[in-house]
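*Asks:* fold the following, please.
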Amino acid sequence: MARDLQRPLILLTVLVVTVVAVTGALVTGRIRQAESEQALRSLAAQAALAREIIGDVSLAQTPRAELDALADRAGTAAGARVTLISPDGAVVGDSEVPLARMDFVENHADRPEIRKALAGRTGYATRRSRTVGRPLRYVALRLHGGAGGVVRVATEASSGLVASNGLWRDLAVAAALGLLLAVGGRLVLARSTRGPLHELQRLTEAIADGDLDHRLPGRLDAELGGIAASIQRLAEQLRERLGEVTEEKERLRAVLDGMSEGVLVIDPKGEIVLANDRVRSFFGVSGALEGGTVLAGIRNADLSELLATASRSTEALAREIEVSHPEQRTFRVHAVRFPAGAATPVGTVAVFHDVTELTQLETMRREFVANASHELRTPLAAIRGFAETLLKSSEISDRDRNNYLEVIDRNAERLANLVADLLALSKIESGKTEVSSGPVDLAALTESLLRENRTRLEERRVDMSHTVAGDTVAWADASAVEQVLTNLLDNAIQYTEPGGEIRVSIAGDDARVRVVVQDTGIGIPKTDLARIFERFYRVDKARSRALGGTGLGLAIVKHLLQNMDGEISAESRLGEGSRFTFTLPRE
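*Replies:* Okay, here's the model as predicted:
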């Protein structure tokens with residue numbers, strides 16, 4: 001009975017040993033095969049990386065030292081030995097062979113991987129290297145460019161892979177028996193499921209890479225088909241959500257870029273995450289601001305300090321900052337961290353309002369009030385002082401009384417002129433002055449004014465001449481143009497010393513009529529030239545008041561010309577005279 005039990009046991013033991021041995025051999029072989037394939041794929045990727053690093057370098061025309069250095073750099077990047085081989089098989093660079101030994105390396109034209117690479121295919125090989133004396137696995141690729149050549153990448157071949165050939169010889173019979181007994185059914189099952197599983201893998205990889213439109217090429221069985229359908233529904237939902245997010249982002253960007261205010265958002269680290277077009281135009285930045293700091297991108301210390309303070313505060317902050325580039329501007333900046341009340345803020349947002357014009361208007365208003373008060377106070381003080389003297393003093397001679405009355409009359413006239421000019425300027429600036437445009441011959445008008453001022457010119461011994469060229473008829477208001485010319489001529493006569501000269505030239509072209517009033521008077525300093533068209537601005541205040549000027553004449557001239565679509569400019573050099581030029585449209 002023992003013998004009866006022993007025989008099945010022996011048979012069972014033999015069967016178990018056989019199955020284990022066959023299965024072990026099969027698994028070992030597959031693992032080694034997978035390792036070999038994986039190593040070759042990795043080595044092929046390293047070879048492709050090395051080829052991209054080498055680029056289109058000509059192996060025939062580039063010095064060997066540069067090629068060897070290039071092979072060293074490619075070897076470092078690929079993490080493997082890199083060899084550069086010319087089309088004739090000569091080794092011109094190697095990451096593991098010194099340049100001094102390069103001439104002793106034998107020709108590689110007979111290597112199988114080199115022959116395949118020169119033929120345009122990917123060359124694979126595993127053998128012991130005669131150059132470095134170690135078993136290596138090779139992958140060779142043909143270089144880009146017309147000059148040709150091969151880049152070869154090599155790594156160590158594991159001893160297990162080298163010995164696999166002998167192992168397969170020893171286990172060949174056992175593998176055959178094992179395949180007949182156990183692997184046949186597994187292969188059938190693997191063949192029926194391998195294709196669908198690969199399709200599912202490609203589908204999930206495509207979704208992971210962002211390709212949400214990828215679809216399976218065929219139908220799967222019930223189990224795998226349900227999984228595939230669920231994955232595709234997930235991809236469709238992701239595509240819809242992504243489209244909504246993208247549309248919302250574009251809509252937000254369009255709104256921000258269309259705003260007249262600037263919007264700037266920074267993260268808790270102080271880096272800019274969003275800046276609309278208005279912010280870039282405000283600070284003269286042409287490139288992208290995102291990813292950098294405020295100091296690096298905008299270069300404004302006051303703004304950086306405000307945002308840093310706002311990021312630490314729970315309250316909204318507001319401050320005015322001034323910038324000088326690309327132009328002088330003043331901004332009202334409101335900054336607050338968000339979300340409001342959160343213990344850990346996500347970032348800080350700042351909104352920029354350009355208040356440059358409001359600031360300038362406020363400055364002009366203050367200056368106007370101060371100047372108007374000063375201009376009115378002087379004649380009023382003179383009138384009041386002399387009137388009190390006349391009222392309180394009974395012992396005034398007729399001569400002194402007449403002098404006092406003349407002073408009162410002169411200051412009253414000055415005060416009246418000042419008020420009249422203020423009213424005229426106010427009406428012009430408010431647009432309430434009616435402009436009756438029509439054809440105006442500027443040459444004829446200039447000649448008439450010159451005749452009216454002839455006596456005055458002779459008394460001051462100032463020579464005046466004028467020239468005319470082209471058609472001088474402009475489309476303008478005749479009384480306004482007369483006021484402009486009268487003011488410019490009065491200024492030229494008043495500020496030109498005896499013996500000086502005033503020249504007036506009128507020229508017309510197809511579009512505009514140009515008038516130039518030039519004198520050899522005292523001139524205007526360069527620092528004052530930009531402000532002479534401001535209200536109450538005088539270069540020589542004492543002389544201007546002595547001559548009866550109100551300081552409003554050129555401001556009135558400028559606004560009159562603007563109402564008639566005209567332009568005016570001034571050029572001057574101190575002690576050499578001034579040149580005023582204005583133009584009016586022909587039609």
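
*Asks:* what about the nearest residue to residue 64 once chain neighbours are set aside, how many residues close to it?
*Replies:* Once flanking residues are discounted, residue 64 sits nearest to residue 92: 5.6 Å by Cβ to Cβ, 6 or more residues apart in numbering. Quick note: C-beta positions are derived from backbone N, CA and C, even for glycine. Look at residue 92: counted by other Cβ atoms under 10 Å, it has 21 neighbours.

*Asks:* surely residue 92 is within a strand?
*Replies:* Yes - according to DSSP: H, G, I helix; E, B strand; the rest coil, residue 92 belongs to a strand.

*Asks:* show me what contacts it?
*Replies:* Taking Cβ atoms under 8 Å, 6 or more residues apart in numbering, we find residue 92 in contact with 59, 64, 67-68, 84-86, 102, 149.

*Asks:* nearest residue to the middle of this protein?
*Replies:* Among the residues of the chain, the one closest to the centroid is residue 287, at 1.9 Å (Cα atoms, centre = their mean).

*Asks:* how about that residue, secondary structure?
*Replies:* Residue 287 ends up coil, using three-state DSSP.

*Asks:* what about it, distance to residue 250?
*Replies:* Plainly put, residue 287 is 21 Å away from residue 250 if you go by Cβ to Cβ, to the nearest Å.

*Asks:* again with residue 532
*Replies:* Plainly put, residue 532 is 51 Å away from residue 250 if you go by Cβ to Cβ.

*Asks:* who's more crowded, these two?
*Replies:* residue 532 (20 against 10).

*Asks:* hmm, that one is touching residue 553, no?
*Replies:* No - applying Cβ atoms under 8 Å, one finds residue 532 not in contact with residue 553, separated by 10.0 Å.

*Asks:* which residues touch residue 446?
*Replies:* Contact analysis of residue 446 by Cβ under 8 Å, 6+ apart lists 466, 485, 504, 506, 515.

*Asks:* among the residues you listed, which pair sits farthest apart?
*Replies:* The two members of the contacts of residue 446 with the most space between them (Cβ to Cβ) are 466 and 485, at 11.0 Å.

*Asks:* more neighbours: those two, which one.
*Replies:* Neighbours per residue (other Cβ under 10 Å) separate residue 466 from residue 485, with residue 485 holding more: 21 against 17.

*Asks:* now the residue lying closest to the more buried one once chain neighbours are set aside: which helix or strand?
*Replies:* Of all residues not flanking residue 485 in the chain, residue 449 sits nearest, at 5.7 Å (Cβ to Cβ, 6+ apart). Assigned by DSSP states H and E, residue 449 belongs to helix 442-452.

*Asks:* buried residues in that helix?
*Replies:* Within helix 442-452, the residues that count as buried by 16 or more other Cβ atoms under 10 Å are 442-443, 445-446, 449-450.

*Asks:* buried residues in the helix or strand following it?
*Replies:* For helix 442-452, the following helix or strand on the C-terminal side (DSSP H and E) is helix 454-460. Residues residue 457 are the ones in helix 454-460 that count as buried (16+ other Cβ under 10 Å).

*Asks:* packing partners of helix 454-460?
*Replies:* Packing partners of helix 454-460 (3 or more Cβ pairs under 8 Å, 6 or more residues apart in numbering; DSSP states H and E): helix 478-494.

*Asks:* show me what contacts residue 69?
*Replies:* Taking Cβ under 8 Å, 6+ apart, we find residue 69 in contact with residue 93.

*Asks:* which ones are touching residue 116?
*Replies:* Contacts for residue 116 were tallied using Cβ under 8 Å, 6+ apart; they are 122-124, 140.

*Asks:* ok, back up a step: pick out the most distant pair among the contacts of residue 92.
*Replies:* By the measure Cβ to Cβ, 102 and 149 form the most distant pair in the contacts of residue 92, at 15.1 Å.

*Asks:* between those two, which one's more packed in?
*Replies:* residue 149 (24 against 17).

*Asks:* skip the chain neighbours and tell me the closest residue to that one.
*Replies:* Leaving aside its sequence neighbours, residue 149 sits nearest to residue 59 (Cβ to Cβ, 6+ apart; 4.1 Å).

*Asks:* can you report how many residues lie near the one you found?
*Replies:* Using other Cβ under 10 Å, the number of residues around residue 59 comes to 24.

*Asks:* over to residue 117?
*Replies:* With other Cβ under 10 Å as criterion, residue 117 counts 26.

*Asks:* for it, which non-adjacent residue is closest in space?
*Replies:* Once flanking residues are discounted, residue 117 sits nearest to residue 140: 3.9 Å by Cβ to Cβ, 6+ apart.
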